[in-house]
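Peer 1: Starting from these lines, generate the structure:
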Amino acid sequence: MTNEHIDVLVVGAGISGISAAHHLIENCPQKSFLILEGRASIGGTWDLFKYPGIRSDSDMYTLGFSFRPWRDAKAIADGPAIMSYLQGAVDDDGLREKIRFSRKVTKAEWSTQRGLWTVTVHNDETAQDEVYTCNFVHLCTGYYNYEQGHRPDFPGEENFKGPVIHPQFWPEDLDYENKKMLVIGSGATAITLVPSLAKKAEKVTMLQRSPTYIVSMPAENKIANWSRRNLPAQFAYGLTRWRNVIMNRIFFWYCRKFPTKAKEILLKGVRAQVPEGFDVEKHMTPTYKVWDQRVCLAPDGDFFAALRRGKADIVTDHIDTFTSHGVKLKSGEEIEADIIVTATGLDLKFFGGVDIQVDNAPVLAKDTMTYKGMMFSGVPNLALSSGYTNASWTLKCDLTSAYVCRLLNHMDKKGYSHARPEIDWTDMDVAPLLDFTSGYVVRKLDELPKQGKVTPWRLHQNYLLDIMMLRMGRVTDGMAFSRSDKSS
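Peer 2: Take a look at the predicted model:
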């Protein structure tokens, strides 16, 4: 069991962790840091998911880092291209020597007296525990469980003779050529899988309980590509990034402000792309408002093209039972399948599953109030990077990483060892953390932190407002600073 001290421990080497490390190098060069990664590779989501067609659902001009231009022609990039981009970012900053792989953080214990976190880490390579102490913990662990996805039990599942696969654990050697594929689900993963599987499979059927909004978008951004060819790289990237941020924000605002009109516009786009005679009302018209759940993306309309070619179809119904050769539905219809894919969603996991304790008292996320969408009431010297539900993940993570550096530098300047968000919210109006009806959120909403109605206790889900709060706002708002006995 080792015992090593570091100024800042970054947990996770995905997009968020790489962003956190870059900002520490740029803005806090006096701070020592390590990145602890539970898996054997960087990349997080983009290294874990291997299913056919895996790609971003956001454009890479906003999913990419603010400090590293996206140079590929395709704005909607696939998994390998994103991994290449992340590898390049790691190499640019010389981060490989700062990353320790196969280290799963299991416990983080704060001592107010010492002004330190004691972090217990399991080393999968040695099967031994390691102990680190640090002044600040930055959790960059994502929002879902890497060990398991959401996987409901289906009646009669044991009767099916073929493989049943969750996309989170796609077998590399799966042969689905000329096979009948059944994809259960209608979210982003299903919308990605269907056209990709349809290239080789005999037929792909997407079985959904209810429809999802789907919008087509060109995989390449012609204006961005022109700018990249004719303007300095960082300048061109910044222009495209801000254009996309503003356009996406306007689209989201319009959908929330005029939901009926937005629904008409999206469904008009759908009707223009589906095969003749396709029942748009049944299969493509959700019951919820646009952006109550995330809108799914079909790059270059690939999903609709698969429908038009007859290589894919949609069935809207409920499962009665699995059979030996497929699925029987509540309507009595049967769908034959050689392989069934359960694209049934993610299992949300807050704090990355780390057991957090403050002065020997366990911290449950549901008992805290979120502070600026990145720290938590009563928990000192700990930040969590998380993204937006209505925009690219990295936009918020970059802001969070820069804010952590501002906070650390302020503490150094004033001689503080503790920064603890504090609020008495017993009589305060509180709300659920997320106003979002996606299944992975609704299933775990009671386990998430609360939010207030006013800044800094409100989660904006708005990049422009977060710039004002995190980049320009005071780091002292709602924060209690102090010095430990050790430092005084």
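Peer 1: Which of the residues in the lengthiest strand in the chain are classified as buried?
Peer 2: Ranked by residue count and defined by DSSP state E, the top strand of the chain is strand 128-139. Buried residues in strand 128-139, defined by neighbour count with 16 or more other CB atoms under 10 Å: Glu130, Tyr132, Thr133, Cys134, Asn135, Phe136, Val137, His138, Leu139. Bear in mind the C-beta positions are built from the backbone N, C-alpha and C, glycine included.
Peer 1: do the same with stretch 445-452
Peer 2: Here stretch 445-452 shows Leu448, Pro449, Lys450, Gln451, Gly452 as buried, counting by 16+ other CB under 10 Å.
Peer 1: Using a markdown table, please lay out those together with distance to Thr126 and pLDDT.
Peer 2: Output for these, formatted as a markdown table (distance: CB to CB, whole Å; pLDDT from 0 to 100):
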| residue | distance to Thr126 | pLDDT |
| --- | --- | --- |
| Leu448 | 34 | 90 |
| Pro449 | 34 | 92 |
| Lys450 | 40 | 91 |
| Gln451 | 41 | 92 |
| Gly452 | 44 | 91 |
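Peer 1: now, which of those lie within strands?
Peer 2: Lys450, Gln451.
Peer 1: what's the closest of the buried residues of stretch 445-452 to Gln234?
Peer 2: Using CB to CB, Gln451 comes nearest to Gln234 of those, at 34.9 Å.
Peer 1: Run through who's touching the longest strand of the chain.
Peer 2: Defining contact as CB atoms under 8 Å, 6 or more residues apart in numbering, one finds that strand 128-139 is touched by 1-12, 20, 34, 36, 103, 106, 108, 115-123, 351-352, 354, 381-385, 401, 404, 408, 417.
Peer 1: 6 Å instead?
Peer 2: 1-11, 20, 108, 116-123, 352, 381-384, 404 (CB atoms under 6 Å, 6 or more residues apart in numbering).
Peer 1: and that strand, which strands flank it?
Peer 2: With DSSP bridges as the test, strand 128-139 is paired with strand 3-11 (parallel), strand 116-123 (antiparallel), strand 382-384 (parallel).
Peer 1: right, and those strands - which one's nearest Asp78?
Peer 2: strand 3-11 (26.6 Å).
Peer 1: Residues contacting the closest one, please?
Peer 2: 17, 20-21, 31-36, 105, 119, 131-141.
Peer 1: and the next element down the chain from it?
Peer 2: As assigned by DSSP states H and E, the chain's next helix or strand after strand 3-11 is helix 15-27.
Peer 1: Go through that next one and flag the buried ones.
Peer 2: Neighbour count says helix 15-27 has Ile15, Ser16, Gly17, Ile18, Ser19, Ala20, Ala21, His22, His23, Leu24, Ile25 buried, by 16+ other CB under 10 Å.
Peer 1: out of those residues, who's nearest Pro195?
Peer 2: Nearest to Pro195 among these, with distances taken as CB to CB, is Ile15, at 24.9 Å.
Peer 1: Any figure for the gap between that closest one and Ile82?
Peer 2: 9 Å (CB to CB, to the nearest Å).
Peer 1: just Ser186 next, same as before
Peer 2: 24 Å.
Peer 1: thinking again about what came up before, from the buried residues of helix 15-27, pick the one nearest Ala431.
Peer 2: Ser16 (24.7 Å).
Peer 1: Thought Cys140 was touching the closest one, still the case?
Peer 2: Yes: taking contacts as CB atoms under 6 Å, Ser16 lies within contact range of Cys140: 3.5 Å.
Peer 1: which residues are common contacts for these two?
Peer 2: With CB under 6 Å, 6+ apart as the test, Ser16 and Cys140 both reach Ser385.
Peer 1: Buried residues in the lowest-mean-pLDDT helix or strand in the chain, which are they?
Peer 2: Of all helical and strand segments in the chain, the minimum by mean pLDDT, DSSP states H and E falls on helix 439-442, at a mean of 79. Residues Tyr440, Val441 are the ones in helix 439-442 that count as buried (16+ other CB under 10 Å).
Peer 1: how far is it from where the chain is centred?
Peer 2: Taking CA atoms, centre = their mean, to the nearest Å, one finds helix 439-442 lying 13 Å from the centre of the chain it belongs to.
Peer 1: What helices and strands are in contact with that helix?
Peer 2: Taking 3 or more CB pairs under 6 Å, 6 or more residues apart in numbering; DSSP states H and E as contact, there are no helices or strands that helix 439-442 lies on.
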